[in-house]
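>>> Sequence and predicted structure, then a few things I'm wondering about:
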There are 2 protein chains.
Amino acid sequence: MKADIPLAAVAVDLVILTVRQDALMALAIRRGIPPFKGQWALPGGFVLPDEDLDAAARRELAEETGLADFRAHLEQLATYGTPGRDPRGRVVSVAYLALAPDLPFPSAGSDAAAARWGPAADLVGELAFDHPQILNDAVERARAKLEYTPLAAAFCADTFTIAELRHVYEVVWGVELDPRNFHRKVTSTHGFVVQADGTTTRDGGRPAQLFSVGPAEVLRPPLMRTGAAGEDR
Amino acid sequence: MKADIPLAAVAVDLVILTVRQDALMALAIRRGIPPFKGQWALPGGFVLPDEDLDAAARRELAEETGLADFRAHLEQLATYGTPGRDPRGRVVSVAYLALAPDLPFPSAGSDAAAARWGPAADLVGELAFDHPQILNDAVERARAKLEYTPLAAAFCADTFTIAELRHVYEVVWGVELDPRNFHRKVTSTHGFVVQADGTTTRDGGRPAQLFSVGPAEVLRPPLMRTGAAGEDR
DNA sequence: TCAAAAGTGTTGAACATACACCCATGT
DNA sequence: ACATGGGTGTATGTTCAACACTTTTGA
């Protein structure tokens, strides 16, 4: 490569979101090494030579969550490269957004002294680097994507009830949805969910049919818009 | 910076789209230096030390189009960093999407022997590097964004008629829209367009009211969906 | 006066919201 | 039996596609 081309370190940072305890949560890592040692930050790390960006993100996801071959949605979010964003020098960071179901993570990985789930709203005020901005962008992206993709199911287990799926929308959007209209809408949207075997009463009341995500078809039309709540009078 | 952190060159590549001659066109540069000398590619260049990514994109936009202080929409698209995508070595490229009105560009810049507008559909088969993929992603993004943002006006001059705005949608989406329903929809969507002074007959027929983009307000609701054409019988 | 484009009115269909109401389980 | 959540039916309102019709210019 020509000598006069400026070089930079390339990192990937992960915003791993999940719905947990009625809140939208993100995974944060307590930094075990400088800079910002002891502070919370997004999980991430440098891209290896000859490693693809997506592969680096997937590797970090597996490392930090302690789960290999992890069933989660992962997509590139945006790239942050403002000079001075990392005191070590020029670091260009490619941020990724991961949506995961609520699983009890072993967490705590390589250079991390600790890891924790925190409400996204709270973490924005605690993270080091420019990670608050990245987290904000990630949450905004997630909110937007629920509107026109069937991505909400990425927050659920392999099989789920319609009510659990509705809970995802309610938490991510901070609204209440009418259970009856939501049920109709989801089940009548072709390709969104497909009936799975069995029912469950884990939410109490009448047994609920289990569903799983539909086959990877194209789903162009808008899937969900607001649709406010209502009460029987 | 620690010595064992792998470094990479960071570039910005631009997909500059415009609507021209009833087609969605992109700006291509004939490369004046190796690699791929003589072939067509997207305009772009390396990010300077201490230069922000957005600033680098804006600088390249000004350089390649020959227009400084350019009134165009510019947003980050995605980042491409597959090892081997550039034969010179590890190059991570942050792609930007620009939407410009149809202006007669002086074009031809620094290391470019020539520049030309080409239909996006054709250029996909001609570009060097992984630029066909970048162009594809850009067109897809542009198409999607017209649906839920007022961005179509970025393809128009400072003032425009509703018919000109409709033409943008028709070309980008490859559909025909009903002029009457489109007119009603656009003018009744608060904050999309505001009446400007004067009328024009440049499209023939009855003089058309001129409009300009509304003040930078929030426009969350979906602005445009298909809405096929129809004929009076 | 005719063609061509701008713009308004109206109607039937599709869809969304807000509920009443019934169903199937655990306690 | 009754509380709890699952799921269906239905009326009312809103949005949208289709298209008839009027307006205003240039040729």
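Okay, I see it. Numbers count the residues shown, from 1 in each chain, chains lettered A, B, ... in the order given.
>>> so A:Gly164 touches A:Leu210, yeah?
Actually, residue A:164 is Glu. It isn't Gly. No. A:Glu164 sits out of contact with A:Leu210 when judged by C-beta atoms under 8 Å, with a separation of 9.6 Å. (Each C-beta comes from the backbone N, C-alpha and C, glycine too.)
>>> These two: which is more packed in?
The neighbour comparison of A:Glu164 against A:Leu210 (other C-beta atoms under 10 Å in any protein chain shown) goes to A:Glu164, with 23 against 19.
>>> partners of the lowest-mean-pLDDT helix or strand in chain A, with directions?
Across the helices and strands of chain A, mean confidence by mean pLDDT, DSSP states H and E is lowest for strand A:112-119: a mean of 82. Here strand A:112-119 is paired, per DSSP bridges, with strand A:23-31 (antiparallel).
>>> What average pLDDT does the next helix-or-strand element following the strand it pairs with get?
Downstream of strand A:23-31, the first helix or strand assigned by DSSP states H and E is strand A:40-41. Strand A:40-41 comes out with an average pLDDT of 96.
>>> Ok, stretch A:123-142 next?
97.
>>> again, but for stretch A:23-36
The model assigns stretch A:23-36 a mean pLDDT of 92.
>>> what about stretch A:185-203, average pLDDT?
91.
>>> quick check, it touching DNA strand C?
Yes. Using C-beta under 7 Å from any atom of the strand, stretch A:185-203 reaches DNA strand C at A:185, A:199, A:201.
>>> In helices only, show me those residues.
In helices, judged by DSSP state H, the following of these are found: A:Lys185.
>>> which of the residues of stretch A:185-203 next to DNA strand C has the most neighbours?
A:Lys185 leads the residues of stretch A:185-203 next to DNA strand C on contacts (other C-beta under 10 Å) with 18 neighbours.
>>> Was I right to think it contacts A:Met224?
Yes. The pair A:Lys185 / A:Met224 is scored as a contact, 7.3 Å apart, by C-beta under 8 Å.
>>> who in chain A is up against chain B?
Proximity of chain A to chain B, by C-beta under 8 Å from any C-beta of the partner chain, involves residues A:1-2, A:5-10, A:46-53, A:76, A:78-83, A:88-90, A:92, A:94, A:148, A:222, A:225.
>>> can we see that at 7 Å?
Contacts of chain A with chain B, taken as C-beta under 7 Å from any C-beta of the partner chain, map to A:1, A:5-10, A:46, A:48-53, A:76, A:78-79, A:81-83, A:88-90, A:92, A:94, A:222.
>>> Would you map the helices across chain A?
A:53-65, A:120-123, A:131-148, A:162-173, A:179-188.
>>> could I get these as a markdown table with distance to B:Gln21?
Output for the helices of chain A, formatted as a markdown table (distance: least, C-beta to C-beta, whole Å):
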| stretch | distance to B:Gln21 |
| --- | --- |
| helix A:53-65 | 37 |
| helix A:120-123 | 47 |
| helix A:131-148 | 31 |
| helix A:162-173 | 43 |
| helix A:179-188 | 42 |
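>>> before we move on, the earlier item: neighbouring contacts of the least confident helix or strand of chain A?
The contact list for strand A:112-119 (C-beta atoms under 7 Å, 6 or more residues apart in numbering or on different chains) reads A:18, A:20, A:23-30, A:32, A:64, A:107-108.
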